[in-house]
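> Below is the sequence, then the predicted model.
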Amino acid sequence: MQQTETPPSVVRAPARERTPRRADVQGLRAVAVLLVLSYHAGLPVPGGFVGVDVFFVISGFLITGLLVDEALTTGRLRLGRFYARRARRLLPAAALTLVGVAAATVVWLPVTRWREIAGDVAATALYVVNWRLADRSVDYLAAGGAASPVQHFWSLAVEEQFYVVWPLLVVALLAVARRRGRRLSRRTLVVAVAVLGLTSLAWSVHLTHDEPARAYFVTTTRAWELAAGALLALAVPRVARLPRRWLTAAGWVGLGLVVLAAATFSGATPFPGVAAAVPVAGALLVLASGVVGAGLAPLRARVLQPVGATSYSLYLWHWPAVVVATSLADGDLPVTWGVAAVAVSVVPAVASYLLVERPLHVRWRATTRAAGALGVVCTLVGLGAAAAVHGLVTPTPATTPPGAQVLRDGGWDGPDAGMDLDTLVPSLADATQDVADLYADGCHQNSLGVEPAACTYGDPGASTVVALVGDSHAGQWQPAVREVAEDNGWRLDTYTKGSCAFTSATPWLSTIDGPYETCVEWNRAVLDTLLADPPDVVVTSNDAVEPAGDDGPLTGAAGEQAVVDGFDATWQELAAAGTRVVVLGDTPWVGIDVPECVARHTGSWASACTVGEEAAAARSGLAQQESAAGTSDVPVLDLTDRFCPDGSCPPIIGGALVWRDAHHMTATYARSLAPDVADWLVPLVGSG
């Protein structure tokens, strides 16, 4: 798992300690908590995220101990009582945090993020946010987006799902044993947990290799860590027979493994997969060391006990504080700010622990029904917080702004700094979702896929066929090209893939720090599809390409020549089949998140969010395209002046928001460019 792509995890204490209370477990909680807090604050603890794995093991161990003690002693399990205790312990503090997050979102975070955060808060209240985050992790449109202030709840969702499923499994095993006229045995439980745990581990290894971003969040890749703790709880009678000195030595080894993982793992470590076995094994050994005796002395230190006791509230509150601080720092959080944010979060965390978590968990002797009702109320509070944020979002006006038309009409006299942003199309809240239809239609391939996944627009039976091919910088032109196709009775087929230019060269993909092999496969598949039934014209565009060399990206003149050769080879294959290739020149790369910039500078957006043309063009792929086109005699449409009139690139033109991020135009602005595209493309298709 690339830890830089998967934001921090929530770490928290299990619902209740076994009796007698183990100070070493509380200390282990504190160690895990401090590791993750340090990591999130930006301190040099590159693998501090392994604290969550430690807590998964602790939860599996303690909760299984409670369940097994009751099941083996009484032959039954009171599910209502179990779930009520969990609800009383966990949900009030979580609901309070969600209310705080909703308030902080409206006060400090830009409106561009409100709608998505509202959805995240709702998913959190329903304990499924980890699956929402897993889906987002492989969503191209979400790539590079800011972390959600409730993203840390993903591990809480995993544990809540464990709390639902694991007791039901025990009840099912009790029922089977009863039907056979036997008592449920510890051995049966061990077999059941081992089978589930090994299955989850195998899946974790597989998915971490194939889809690392998704693997980080889903319950199925994490269940084995909870199962490991459960197995230790079931093995306690046997572990207790081991010599105490062996257990103490094992505990020290385990603590060393946790520290080793925190010190040596990083965002480049594939995770969870096999790597997670290091902190998991470490936590197991530390827990085992206290089965007989008091456990490791350092973990029983008095200074660690309050940290472990408040770990749940600390982790509920610290991550929203870090997210707000990151936003206030314009996305680049200095270590001093990170430390300050974590320090500030201690205040609401301790208040939540003293006023909400501890009174309701320890002091309130509620009936099962009352505790269950409290859980329902807490869920409704979280959903209400989500609804409140969503209700404040201003929707996009149902109007069509002139956009680039003001440039064609010659009426442009600079940004209208006094315009009412409530009339902006798309609205700032909807900007990130104002995208080409091909995303919603499911034909923009992600970084892992290799199938062409085409979409067809215009007249499916038309005799004139145009194909739009390339990466997301080609896909952003689809609204304009679609209008041209529909106006002229053409069929438009689209083939696009994230960060994958239409070239025979092998690109270097920075997010994986390696050759983009699935792009090579996809390009070959698309080219074969086009050659099998050649379209009249292929329209292509792309972001700047960084070709792969033997030991890294190929730079300098050799790199540029590799790009030109890659384009030329692909275009010549199509030309040989009778297909004409034309290039829509790449758009400027403004380099700032334009919607967020405008949202932050509502009164000065015209100056604060306008970028010089020279700087914006520096990262564009236009120069590479023009160089390759000169070699291949391929026409190129350069519309840079439609994005950067008068030498600068403003965020708003003709009442339309030009950019939906730092380098993709909105679908609204793309549609306003359709006449420019038509003036260039229609004669080319007609002469093709």
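Noted; the coordinates are in hand.
> Need phi/psi at the residue lying closest to Gly75 once chain neighbours are set aside.
Closest residue to Gly75 in three dimensions, ignoring its sequence neighbours and counting by C-beta to C-beta, 6 or more residues apart in numbering: Arg183, at 6.2 Å. Backbone N, C-alpha and C define where each C-beta goes, glycine included. Arg183 adopts backbone torsions of phi -90, psi 150, taken as degrees, to the nearest 10.
> Repeat that for Gly612.
phi -70, psi 140.
> check contacts around it.
Gly647, Ser648, Cys649 (C-beta atoms under 8 Å, 6 or more residues apart in numbering).
> how near is it to Pro650?
11 Å (C-beta to C-beta, to the nearest Å).
> can you check Pro460 too?
Looking at Pro460 against Pro650, where the rule is C-beta to C-beta, the gap reads 39 Å.
> and those two? which has more neighbours close in?
With neighbours defined as other C-beta atoms under 10 Å, Pro460 and Pro650 compare such that Pro650 has more, 24 against 10.
> quick one: that one and Thr518, what's the gap?
Pro650 is 37 Å from Thr518, where distance means C-beta to C-beta.
> re earlier: now the buried members of the contacts of Gly612.
For these, burial is judged from neighbour counts taken by 16 or more other C-beta atoms under 10 Å, and it is met by Ser648, Cys649.
> will you turn the contacts of Gly612 into a markdown table that also has secondary structure and pLDDT?
Compiled in a markdown table, these are given as follows (DSSP: H, G, I helix; E, B strand; the rest coil; pLDDT from 0 to 100):
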| residue | secondary structure | pLDDT |
| --- | --- | --- |
| Gly647 | helix | 89 |
| Ser648 | strand | 94 |
| Cys649 | strand | 95 |
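> Closest to Gly556 out of the contacts of Gly612?
Cys649 (27.6 Å; C-beta to C-beta).
> Surely that closest one is in contact with Val611?
Yes: in this structure Cys649 lies within contact range of Val611 using C-beta atoms under 8 Å: 4.8 Å.
> Where does the prediction get shaky in the stretch 1-150 of the chain?
Scanning the stretch 1-150 of the chain with the threshold set as pLDDT under 70 gives 1-20, 138-144.
> and Trp252, how many neighbours does it have?
Other residues lying near Trp252 total 14 when counted by other C-beta under 10 Å.
> which element is it on?
Mapping Trp252 onto the secondary structure by DSSP states H and E places it in helix 244-264.
> which residues are in contact with the helix or strand following that helix?
Using DSSP H and E, the helix or strand that directly follows helix 244-264 along the chain is helix 277-289. Taking C-beta under 8 Å, 6+ apart as the criterion, the residues outside helix 277-289 that touch it are 24-25, 28, 50-51, 53-54, 56-58, 61, 225, 228-229, 232, 239, 247-248, 250-258, 260-262, 265, 295-296, 299.
> so how far is Asp550 from the closest residue to Tyr163 other than its chain neighbours?
Taking C-beta to C-beta, 6+ apart as the measure, Tyr163 lies nearest to Arg86, with 5.3 Å between them; neighbours along the chain are not counted. Taking C-beta to C-beta as the measure, Arg86 falls 55 Å from Asp550.
> Would you mind telling me which of those two has more residues around it?
Arg86 (21 against 6).
> quick one: which helix or strand includes the more buried one?
Per DSSP H and E: Arg86 is located in helix 79-108.
> Pull out the buried residues from that helix.
Neighbour counts over helix 79-108 (16+ other C-beta under 10 Å) mark 82-102, 104-105 as buried.
> helices or strands next to it in the packing?
helix 114-125, helix 154-179, helix 311-328, helix 335-352, helix 368-391 (3 or more C-beta pairs under 8 Å, 6 or more residues apart in numbering; DSSP states H and E).
> and the angle from that helix to helix 335-352?
Computed by axes from the mean of the first three to the mean of the last three C-alpha atoms, to 10 degrees, the angle separating helix 79-108 from helix 335-352 equals 130 degrees.
> Let the chain start at 3 from now.
Right, with 3 as the first residue, what we last looked at is helix 81-110.
> need the strands for this protein, in chain order.
Listed from the start of the chain, the chain has strands (DSSP state E) covering 446-447, 457-460, 467-472, 493-499, 510-511, 516-517, 539-543, 582-586, 613-614, 638-639, 650-651, 654-655, 658-659.
> Break this protein down into its domains, please.
If you go by automatic domain parsing, the domain ranges for the chain are 25-393, 427-689.
> By mean pLDDT, point me to the weakest helix or strand of this structure.
helix 615-620 (a mean of 87; mean pLDDT, DSSP states H and E).
> Determine how far it lies from the middle of the whole chain.
Between the centre of helix 615-620 and the centre of its chain there are 30 Å (C-alpha atoms, centre = their mean, to the nearest Å).
> check contacts around the closest residue in space to Leu450 that isn't next to it in sequence.
Nearest in space to Leu450, with sequence neighbours left out and distances taken as C-beta to C-beta, 6+ apart, is Thr520 at 6.0 Å. The contact partners of Thr520, taken as C-beta under 8 Å, 6+ apart, are Ser449, Leu450, Gly451, Val452, Cys502.
> Who wins on neighbours among those residues?
Neighbour counts for these peak at Cys502, which has 30 neighbours (criterion: other C-beta under 10 Å).
> So for it, what's the nearest residue that isn't a sequence neighbour?
When the adjacent residues along the chain are set aside, Cys502 lies closest to Cys521, with 3.8 Å between them (C-beta to C-beta, 6+ apart).
> Same check on Ser506?
Of all residues beyond its chain neighbours, the one nearest Ser506 is Ala571 (4.3 Å), with distances taken as C-beta to C-beta, 6+ apart.
> Tell me how many other residues crowd that neighbour.
When neighbours are counted by other C-beta under 10 Å, Ala571 registers 15.
> Quick check: it touching Arg526?
No: using C-beta under 8 Å, Ala571 makes no contact with Arg526, being 11.7 Å away.
> show me what contacts the residue nearest to Thr531 when sequence neighbours are not counted?
Distance criterion C-beta to C-beta, 6+ apart; nearest residue to Thr531, sequence neighbours excluded, is Pro454 at 5.2 Å. Listed by C-beta under 8 Å, 6+ apart, the contact partners of Pro454 are Gln447, Tyr497, Trp524, Ala527, Val528, Thr531.
> what about 6 Å?
With contact taken as C-beta atoms under 6 Å, 6 or more residues apart in numbering, Pro454 is in contact with Tyr497, Ala527, Val528, Thr531.
> ditto for Leu470
With contacts taken as C-beta under 6 Å, 6+ apart, Leu470 has the following neighbours: Ala476, Val483, Thr496, Val541.
> In TSV, list the residues you listed along with pLDDT and neighbour count.
What follows is these, written out as TSV (pLDDT from 0 to 100; neighbours: other C-beta atoms under 10 Å):
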residue	pLDDT	neighbour count
Ala476	98	29
Val483	98	28
Thr496	98	28
Val541	98	28
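> Make a markdown table from those and add distance to Val207 to it.
A markdown table is the format used below for those (distance: C-beta to C-beta, whole Å):
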| residue | distance to Val207 |
| --- | --- |
| Ala476 | 36 |
| Val483 | 43 |
| Thr496 | 36 |
| Val541 | 42 |
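> Among the residues you listed, which one lies nearest to Trp510?
Of all the contacts of Leu470, the one sitting nearest Trp510 is Ala476; the distance, using C-beta to C-beta, is 19.0 Å.
> Looks like the closest one contacts Ser543 (just checking).
Yes: taking C-beta atoms under 6 Å as the definition, Ala476 is a contact partner of Ser543 at 4.1 Å.
> Could you identify which of the helices and strands packed on helix 81-110 is most buried?
Per residue and on average, the most neighbours among the helices and strands packed on helix 81-110 fall to helix 313-330, with a mean of 25 (mean count of other C-beta atoms under 10 Å).
> and for it, what are the contacting residues?
Defining contact as C-beta under 6 Å, 6+ apart, one finds that helix 313-330 is touched by 12-15, 31, 35, 42, 95, 99, 103, 106, 110-111, 149, 151, 154, 335, 339, 343-344, 346-347, 350-351, 354-355, 359.
> what's the angle from it to helix 156-181?
Using the same axes, to 10 degrees, helix 313-330 lies at 150 degrees relative to helix 156-181.
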